[in-house]
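Asker: this one's structure only:
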């Protein structure tokens, strides 16, 4: 967020800030649903009390699907690439963030080792993965966010 955007956000009333937050949550819920649908997974239910949102950065949704078979996933959306994993890899949204962070570090490392980063698009993607993985790990470690 730019300094100007932060100033504008601070100038908003609490009600306006909450409205923006709710809009962001709705938008990223739709983004998460679309992402899963593109992967052939049709979500049937969100477990809202276990999902977490840190607008405007990241949302971690616990979602159930009925198709192609009944499964539960952690789905991440926000100012980063959307991704998902089976719920079995992490008991909580916080642990899911740590899992995504480690998974993305490994993906970036594999891109580097295979030489794929010689292609400019892949190099940018690897840099994005590393950057976002580091941010996710910082969010995971910030006790104030999880109190």
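Answerer: Everything's here; your move. No experiment lies behind these values; they were computed from the predicted model shown.

Asker: what ranges does the chain have for its strands?
Answerer: 42-46, 52-54, 58-67, 71-78, 83-86 (DSSP state E).

Asker: got the buried residues for the fourth one?
Answerer: Applying a neighbour-count criterion of 16 or more other C-beta atoms under 10 Å, the buried positions in strand 71-78 are 73, 74, 75, 76, 77, 78. Bear in mind the C-beta positions are built from the backbone N, C-alpha and C, glycine included.

Asker: show residues contacting it.
Answerer: 28-29, 31-32, 35-36, 41, 43, 47, 54, 56-65, 82-87, 89-90, 93, 96-97, 99-100 (C-beta atoms under 8 Å, 6 or more residues apart in numbering).

Asker: where does pLDDT dip in this protein?
Answerer: 1-10 (pLDDT under 70).

Asker: so can I have TSV of the strands of the chain showing distance to residue 123?
Answerer: Below are the strands of the chain laid out as TSV (distance: least, C-beta to C-beta, whole Å):
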stretch	distance to residue 123
strand 42-46	33
strand 52-54	28
strand 58-67	24
strand 71-78	23
strand 83-86	20
